[in-house]
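>>> Generate coordinates for the sequence data below:
(chains A, B, C, D and E, ligands or ions: 4)
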Amino acid sequence: MSTGEPILKINNIEVKYHEVILVIKGFSIEVPNGGIVALLGANGAGKSTTLKAISGLLNHEDGKVTDGSIEFMGVRIDRMKAEKIAKMGIVQVIEGRKVFEHLTVEENLKVGAHMRKKNGRDIKDSLEMVYHYFPRLREKRTETAGFISGGEQQMTVVGRALMTTPKLILLDEPSMGLAPLLIHEIFDIVTRLNKEENISILLVEQNAKLALSIAPYAYVMENGRVVMDDTSEKLRENPDIKDFYLGLTDVGGRKNFRDVKHYKRRKRWIT
Amino acid sequence: ATISVGALNDMTGATSDVGRDYALGIAEAIHYVNDTGGINGKQIKLHQFDYGYRVPEALTKYKLFQRLGVVAVLGWGTGDTEALSPTVTKDKMPYVSASYSGHLTDPKKTPYNLFFASDYSTNARAALTAWFDKKWPKHKDYGKRKPRFASSYMFASPYASAPIKAIKDQAGILGFDIGPDQDVSLFAIDTKSQNLALKNFKPDVVWHGNTTMSVSATLRDAYSLDLGADHIIDNWGYDENLPKLAAKAAEGAMGPAVCAFFGEKVPGMDKVVAYAKKYNPGIPANKRLIRTVQAWADVLILREALMRADKAGKLDGESILKLGFETMNNFEIGLGAPPVTFTATDHRVTSVVPVYEIKNGKFQLVEKVDLKGRWPEKWAKEWMGW
Amino acid sequence: MATTFLPCGVYHENYKQDQAWWQTKFIKSKMFLLFISLFFIIPWISDTYWLSIANLIGYTVLGALGVQLLIGFCGQVTLGHAAFLAVGAYVSTLLVLEFPWPALLVEWGLAYPLSILISAIAAGFWCVLFGLPSARVKGFYLILTTMAAQFITVDFVITQYVSQIGGRGQAFSLPPGTIKVGPWVIDSDIKVYYMMIVLVILCVVGLVNLLRSRVGRAWVAIRDNDISAEVMGINIIKYKLLAFFVAGFIGGIAGAVWISNLAAISPEHFPWFLSLWLVGVVLIGGAGSIHGTIFGSIFMVVVMELLQMAVIPLADTYPKLLVDFLFIKESAFGLAICVFLIFEPNGLAYRWWQAKNYFNLWPFSY
Amino acid sequence: MELFFMTITTGVMVGGIYALIALGWVLIYKCSGVLNLAMGELTLIGAYVSLAFYSMGVPFIPALLLSLAVGFILGILTERIFLDKLIGEPVLTVIMVTVGLSFFFKGIVELIWSTDTRVFEPPVFPLEPFRFGPIVVGQVYLWSFVAAIILLVIFVCFFKYTRWGLAMQATADDEMAALSIGISARFVYAAAWAIAFMAAGVGGTLLGNINGLNISVGYMGLLVLPAVVLGGLNSVPGAIVGGIAIGVMQNLCGAYLDQYFPGAVKEIAPFAFMAIFLLFKPYGLWGWERIERV
Amino acid sequence: MSASKEIKSGDVLLELDGIQMSFGRVCALDGISIKIKKGEIHSVIGPNGAGKTVMMNCISGLYNPQKGSIHYKGERINHLKPHDRAKLGIARTFQKVEVFGGMTVLDNIRLGRHIHYKSGILSGAVYLGKTAKEEMEHRKFIEEEIIDLLEIEHIRDKPVGMLPYGLQKRVELGRAIALEPELLILDEPLAGLNIEEVEDMARFILDINQEKRWKITCLLVEHDMGVVMDISDNVYVLNFGNMIVDGTPEAVQKNPVVIKAYLGEEDLYATRK
Ligand SMILES: Nc1ncnc2c1ncn2[C@@H]1O[C@H](COP(=O)(O)OP(=O)(O)OP(=O)(O)O)[C@@H](O)[C@H]1O
Ligand SMILES: Nc1ncnc2c1ncn2[C@@H]1O[C@H](COP(=O)(O)OP(=O)(O)OP(=O)(O)O)[C@@H](O)[C@H]1O
Ligand SMILES: [Mg+2]
Ligand SMILES: [Mg+2]
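Ligands and ions are numbered 1, 2, ... in the order given. A predicted model of the protein is given here:
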């Protein structure tokens, strides 16, 4: 882990939707400055909710941080408006491929550079960078984003986030729906951004193997709580993680999906 | 003891341009009545409501009046008055309205609807006749062809459409060519297309059946589109505001007046002016209209009827009608209004209509047309009630 | 927000129980109380003024149900529903006044009930006519076609032509005693009240039933996601038009019933304002909820009445207030809508849902 | 024939004013996806404010500019007080709030200026018409048209060449995504409301100069909705084309159709026509189509 | 469903012949032909933007291909609307979940059975007798066959919009099989799921394919090679609208073109191991 103060500190927060549905309780994590942290967890554990709580988009879905605090570079942000938080340097890649459907791919990317001080060359360079990573987008750059394929939309969304120059990126399932070849690319990009531009990253990813391979530290969530957190090496060795997040059998090999047992096999951490 | 009277007024709706002044007049006139002894010593309690010229609102307010126990209602528009008329008849509620619709003058159908003035149909016939008498002979085409007549009014407004059948009938009698009607809303401020359509017909005279607001807009557009016709205007569109709003475009416009204009030197006007100053000092006299005078006249005949019925000892609806109104014979209310006569078979008060013309922004009498005198048979039978 | 959490300790043993209307004894007795108070207590304790307000609420509920169905359950935005109330009202008025009913039917007081049915059907079809564009037009573009329904129906067809039938000028008069249901002549607020309440209950129950059966699910599916609804085998055009029909039908009933409360009917009873007002009722009550419609109606009518009540006594001291009353009422009303929606953008039903869940989960919420 | 040409010319001229008001609709829709049903009242307010300044003796152009300034401030205020809190709420709710606002504004205007017709006194544009051969055009109309076109050009340029143009479209498309990359939805909305207020104000002032001003000017604001829809709810050029087209159509219907369907055909025709037109082009001429891709 | 004829397992259920579909300049499908036999699981793979989803849309009727024909059980169905094709027994799930967010899970699944309900508008409004009985019967089916199978008892009364992504996918699958289709199109059913859920989902797919109760033919679009290779009988590989390879999973895995265009050199099961 890198040195210094953590860039993001979540302290014992509690999140409710519609003032009655409690989804996150007593939840704390830290993201070190310039580090990558992975957040793993089953469906509905509250990973996306956590990210929205950080970026302030929770308000938008009638959710609220009702307890605890979120600090970004020492400033409390859990009561701030979303755009203010974004201005401070937190950008979220929302799950569900939210492109601006009616804009073209290139316009989508350009909107990403909205917050930057106007600098034509700079934006051109970033565009080039995105096209370099996703050559498919270059081909599609004049298409309306709503009509391109699911994977292409995913690329657009990730590309759009790259166009901003944030201090912290919250990535919600960046690899979803991408072809195998591209998944590696995406993770390469993430590591490079982290190394070269010194952007801190909070990564939510279902592909635990890859997530653990690029993030030195990870948290495991269940039911709105952190149930485990450790360095990636340690987690990879953990038998539960192996079984439930990496899909490895005890022997270590991959099992055939035809052989998956029929009975209910879900394990619950005691929370 | 007090007597409750209801008043329905339009201070905010489509006819508020004339309705507000009328409403003020009603309140001032009631003050006057109370100051001068009320109804044989009983004071009148006035329940005055604004109904925004909306029929539904009028219906609810009428229900409210019933609950408040009023003995008579001072109404306003034609739509609501006609809509309420069967109910009023059934309830035996004297209903003195500012709607001078000819439909309300037949006691066989609408015995409880009353007003002091010549009705719209009579006014319209008179105005057209006056134009035919005085203006047409001066026209360059006089004697070469028939004069052309068209009308412009809001079709859907019962008020504006009330006299249309009559005026067309009159145009037929006088030998006009009749052109297409134009629909102009009471709120209209853009009447270009109507004027263009009129222009296609090239009328010599146009009847405007709306109130001042939209009439002034129509006149302005007619002027700027160079229509080149004369205008005759219904009573509620013809007041002191017209020359102000339409400026040059209003020059030469003709119309009937059912009583004296505000401030004119006629008997009783001093009281009207004094009460206007006393109760509404905020409104300068040059902003007051003939509407105030009309309101006074309506209140004054109601007072007379109430006094007569009260003297006879009964203040229920039927007695107010039978012992009050229908006993008036050439009753003089002053204010330049005609002497009022109601009989059990005819509720038309008069057949004589003074028609004016605007000259340099002032009203000038053109002719007093006496319809009964000219067409006695038609007046007696055929023209009754429409 | 369809879900509610059952109170702790209540379980269902079979599907029938789970699908029943009134799932617990408690709710059953609540409903019984409601019934009693609607039919006996309210008419007994209220004077004519309050009854007339109750009638206004009933009318608003009936009118808004169709809007709720279209906006809240089928996702078709409408800003012209007053047109269909107008069709209902005019068809039934014309039938009552001008149709040569056989004497027997009039005597038995069936003429008016029959005319309600006919006018509701007519309004339903009229609504379908203006719903036709919805096959292609989506989202806010549909607002235009529904506004067209309003202006064409009320401001054009009815104002210019229908209301001139019989040379009546503008308003059809319905003098007291015209309207008869069975042996009763509907001439007092209490009779209107009973008729209204029966119809409101019938319509609400019918609509709720529809919504939990095949047709209603199809509507909601179209609202939520029309493409996947289509792929699941729903003929969306058919169901949209069906929704328009039902909405128009209920609207027609509302219009036809309302005339029993009036001395005359004019196009001004159905201005565009009424359409907006109905949408307001639905949104304030909460889109997508039937009891929201009822809450919304009560709220809107009562706010209006309170404004009115506040002004009349004040007018004695400030006569100027009476002159400006309509303006003040209008702007206060507008402001009330704004403020309400700013603080409760999801409507009253949402608050209700929150409160209910809070209490159901209480005291062991988590 | 003369009638025909005159109808077309007046139609085009009034259409220019409609286009201005339509622009207000489009702007607000374009960046927030909200149909602003208070547009008519914005027109009304702008018109009355400039009338008020003019009656106080301020010359016409400064009066107009002053009313623009007032419109700007009112726009920002409206957005801050009423709409700001609704970011993220259902669009229909926001539309209903604009309905509430329209009642509110209308009541206020009536309270201050009451319901009579008022005219610009002394007249700004002479009542005497221009004559081009047989064709007669009121001066008011001509000048209004010119003013409307100039303003339209200014607005169009502003949106085309500033960086906020893109941001506005993005916000309309997906508010949440726009927020997530730091676009200030609040700023976008405030700007849109301010500009809509100003555009409507100019439109209203010009309308008021024609035959005077009363609350039916507010109805004109509604009447341009077909124009907006014709062009497509989020197309600025569409608003212009739509405005003029509707102006022409209205006058043509008034002049020709009225004989066959007496009554308010003129007011109804645009709505009826658009309801049919939408069957063929459900998103107007240049509106964004809904993307139905799964 | 009753209208169409029954066919035996092993016969051709769906046949695409020379399908061509382009959007303006973009040619999304260029002469695609496939044959799907009843009772099998076929998969379509290919890089992003290859045209897989477009192909599924053509089958379910959302797009009309410009050229080529679609035969279902030997009948040409090109002209049929999506809802008519659903009645023939074609159901599908979507790439981005397209659930009915405001409805409960139960209602979503009930909606899937829409074509099996009979009650109309009048009986619906009365909700007595026939309708009530019918609702009850279907409820039984849903509870016992679908909810049990998919293990979603605990959420049956929640609105789907509030559920986490993975469960929404599951509900979507439930909704699709509630139609009791013969052909089920699954567009990326595994995206965004963790390994445990992927295993569950793979199990469900195998179950509905194999269990006697269902016997649903599946057409699967996926990027998760592990699952695709394990459970499919046949794999098609699309690239830029062209079919580049078509064969058994083993053959496809070894094909160098596929490796280069799609899988990547380094390891075959890139997503999970
Ligand atoms: N708008 C909402 N209203 C109510 N409840 C919600 C809402 N959004 C999410 N939830 C609930 O919050 C919980 C956490 O959801 P969240 O989307 O954060 O999960 P997640 O960990 O991101 O899952 P996934 O891996 O599927 O994306 C879930 O139980 C869900 O039902
Ligand atoms: N309605 C449409 N309009 C225009 N272009 C379209 C449309 N639908 C699809 N396309 C184009 O067709 C191409 C194929 O898209 P498709 O969605 O089938 O890809 P895919 O194979 O499903 O990819 P992914 O794995 O990323 O989902 C895309 O590049 C897209 O641009
Ligand atoms: Mg998530
Ligand atoms: Mg796809």
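>>> How many neighbouring residues does D:Arg118 have?
17 (other C-beta atoms under 10 Å in any protein chain shown). For the C-beta atoms, the positions are set from N, CA and C on the backbone; glycine is no exception.
>>> With the one 4 residues further on instead?
When counting by other C-beta under 10 Å, one arrives at 8 neighbours for D:Pro122.
>>> how about the residue of chain A found nearest ligand 4, what does it touch?
For chain A, the residue closest to ligand 4 is A:Gly150, as judged by C-beta to the ion, at 4.3 Å. Residues near A:Gly150 by C-beta atoms under 8 Å, 6 or more residues apart in numbering or on different chains: A:97, A:177, E:48, E:53, E:95-96, E:188.
>>> List, out of those, those positioned next to chain D.
When C-beta under 8 Å from any C-beta of the partner chain is applied, the members of those adjacent to chain D are E:53, E:95-96.
>>> Out of those residues, which sit inside helices?
E:Thr53 (DSSP state H).
>>> Quick one: buried ones out of the ones next to chain D among the contacts of A:Gly150?
E:53, E:95-96 (16 or more other C-beta atoms under 10 Å in any protein chain shown).
>>> Kindly identify which of these also come near ligand 4.
When contact is defined as C-beta under 5 Å from the ion, these meet ligand 4 at E:53, E:95.
>>> which residues of the stretch 51-200 of chain D fall in helices?
For the stretch 51-200 of chain D, helices defined by DSSP state H, counting those that start in this stretch occupy the ranges D:60-78, D:91-113, D:139-161, D:164-173, D:175-180, D:185-211.
>>> What sits closest to the residue in chain D that ligand 4 sits nearest to if chain neighbours are left out?
Closest residue of chain D to ligand 4, C-beta to the ion: D:Val294 (9.1 Å). Spatial nearest neighbour of D:Val294, excluding adjacent residues (C-beta to C-beta, 6 or more residues apart in numbering or on different chains): E:Phe94 at 4.8 Å.
>>> List the residues that contact that neighbour.
If you count contacts by C-beta under 8 Å, 6+ apart, E:Phe94 has them with C:228, D:294, E:172, E:187.
>>> Reformat those residues as a markdown table; add secondary structure, distance to D:Ile149 and neighbour count.
Listed next are the contacts of E:Phe94 as a markdown table, based on DSSP: H, G, I helix; E, B strand; the rest coil; distance: C-beta to C-beta, whole Å; neighbours: other C-beta atoms under 10 Å in any protein chain shown:
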| residue | secondary structure | distance to D:Ile149 | neighbour count |
| --- | --- | --- | --- |
| C:Ser228 | helix | 47 | 27 |
| D:Val294 | coil | 44 | 20 |
| E:Glu172 | helix | 53 | 24 |
| E:Asp187 | strand | 51 | 26 |
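>>> of all those, which comes closest to ligand 1?
Of all the contacts of E:Phe94, ligand 1 sits closest to E:Glu172, with 12.9 Å by C-beta to the nearest ligand atom.
>>> The closest one contacts E:Val97, doesn't it?
Yes - counting by C-beta atoms under 8 Å, E:Glu172 touches E:Val97, with 5.5 Å between them.
>>> what is in contact with those two at once?
Contacts common to E:Glu172 and E:Val97, judged by C-beta under 8 Å, 6+ apart, are absent.
>>> max-length helix in chain B?
Longest helix in chain B, counting by DSSP H: helix B:290-311.
>>> other SSEs contacting that one?
Contacts defined by 3 or more C-beta pairs under 8 Å, 6 or more residues apart in numbering or on different chains; DSSP states H and E place helix B:290-311 against helix B:16-35, strand B:72-74, strand B:95-96, helix B:269-279.
>>> Spatially nearest residue to B:Ser99 (excluding sequence neighbours)?
Nearest non-adjacent residue to B:Ser99, counting by C-beta to C-beta, 6+ apart: B:Thr78, 3.9 Å away.
>>> And that neighbour, how far from E:Asn64?
60 Å (C-beta to C-beta, to the nearest Å).
>>> List phi and psi for the closest residue to chain B within the stretch 51-200 of chain E.
Among the residues of the stretch 51-200 of chain E, E:Ala125 lies closest to chain B, at 31.2 Å counting by C-beta to the nearest C-beta. Note on E:Ala125: its backbone torsions stand at phi -70, psi -30 [degrees, to the nearest 10].
>>> residues in contact with it?
Neighbours of E:Ala125 in contact, by C-beta under 8 Å, 6+ apart: C:206-207, C:209-210.
>>> Now flag whichever of the residues you listed is closest to ligand 3.
For the contacts of E:Ala125, the nearest to ligand 3 is C:Leu210 (35.4 Å; C-beta to the ion).
>>> out of the contacts of A:Gly150, which are inside strands?
Using DSSP state E, the subset of the contacts of A:Gly150 located in strands is empty.
>>> CSV for those residues, including distance to ligand 1?
Formatted as CSV, those follow (distance: C-beta to the nearest ligand atom, whole Å):
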residue, distance to ligand 1
A:Arg97, 13
A:Gly177, 13
E:Asn48, 21
E:Thr53, 21
E:Gln95, 15
E:Lys96, 13
E:Glu188, 14
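>>> Among these, which one sits closest to C:Leu142?
E:Lys96 (24.7 Å; C-beta to C-beta).
>>> didn't that closest one look like it was pressed against D:Arg293?
No - counting by C-beta under 8 Å, E:Lys96 does not reach D:Arg293; the two are 9.4 Å apart.
>>> what residues does chain D put near ligand 2?
For chain D, the contact set with ligand 2 under C-beta under 6 Å from any ligand atom comprises D:Arg293.
>>> Say whether chain A is contacted by the lengthiest helix in chain D.
Longest helix in chain D by number of residues, with DSSP H as the criterion: helix D:2-32. No - on the criterion C-beta under 8 Å from any C-beta, helix D:2-32 is out of touch with chain A, staying 10.6 Å away.
>>> starting at the chain centroid, how far to that helix?
Mean-position distance between helix D:2-32 and its chain equals 8 Å (C-alpha atoms, centre = their mean, to the nearest Å).
>>> Over to stretch E:104-119?
Centroid separation between stretch E:104-119 and its chain, computed with C-alpha atoms, centre = their mean, is 17 Å.
>>> is chain C contacted by that stretch?
Yes - with C-beta under 8 Å from any C-beta as the criterion, chain C is reached by stretch E:104-119 at E:104, E:107, E:110-112, E:114-115, E:117-119.
>>> Name all residues that make contact with residue 111.
All of this is about chain A. Applying C-beta under 8 Å, 6+ apart, the residues near A:Val111 are A:100, A:103, A:160, D:166-167, D:170, D:178, D:181, D:183.
>>> you looked at the wrong chain, it should be chain E
Taking C-beta under 8 Å, 6+ apart, one finds C:217-218, C:221, C:229, C:232, C:234, E:100, E:103, E:175, E:178 in contact with E:Leu111.
>>> Under the pLDDT cut-off, which ranges of the stretch 1-150 of chain A? List them.
A:1-4, A:117-120 (pLDDT under 70).
>>> What residues does it have near ligand 2?
Counting by C-beta under 6 Å from any ligand atom, the stretch 1-150 of chain A sits next to ligand 2 at A:143, A:147-150.
>>> Look up the closest residue to the closest residue to ligand 2 within chain A, ignoring the ones flanking it.
With C-beta to the nearest ligand atom as the measure, A:Gly151 is the residue of chain A nearest to ligand 2, at 2.5 Å. Residue nearest to A:Gly151 in three dimensions, not counting chain neighbours: E:Asn48, with 2.7 Å by C-beta to C-beta, 6+ apart.
>>> Test my guess that that neighbour contacts A:Ile183.
No - contact criterion C-beta under 8 Å: E:Asn48 and A:Ile183 do not qualify, at 10.8 Å.
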